[in-house]
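# Turn this into a structure:
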Amino acid sequence: MRYIVVVEPGRESGFVAYVPALKGCVSQGLTRESALANVKEAAAAYIEALVEDQLPVPRDTMHAS
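Just a heads-up that it's a prediction; the model follows:
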């Protein structure tokens, strides 16, 4: 499954990345690339936890099919 990821400059330094479709799925990194890699790992863990708990996995409503 594919999700939109937003990467923004951090308030003090580095970058913050989040997945809007996965509420609370946020990560950060010193570089844009590291923030993106970190949020991808966080999203995978988030989805894995949903599946283990037999909860629905949100679809990205902003992604074109």
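
# check contacts around the residue lying farthest from the centre of the chain.
Ranked by distance from the centre of the chain (C-alpha atoms, centre = their mean), the top residue is residue 12, with 20.5 Å. For residue 12, no residue meets the contact criterion (C-beta atoms under 8 Å, 6 or more residues apart in numbering). All C-beta spots, glycine's among them, are computed from the backbone N, C-alpha and C.

# Can you give me the distance of it to residue 28?
Using C-beta to C-beta, to the nearest Å, residue 12 is found at 11 Å from residue 28.

# where along the chain do the helices fall?
Per DSSP state H, the chain has helices spanning 32-52. These are given in chain order.

# Show the pLDDT at the residue most central in space within the chain.
Taking C-alpha atoms, centre = their mean, the centroid of the chain lies closest to residue 19, which sits 3.5 Å from it. We have a pLDDT of 97 for residue 19.

# For it, what are phi and psi?
phi -110, psi 100 (degrees, to the nearest 10).

# ok, for it, nearest residue in space, not its chain neighbours?
In space, and not counting its chain neighbours, residue 19 is closest to residue 25: 4.4 Å by C-beta to C-beta, 6 or more residues apart in numbering.

# Also residue 40?
Once flanking residues are discounted, residue 40 sits nearest to residue 5: 7.5 Å by C-beta to C-beta, 6+ apart.
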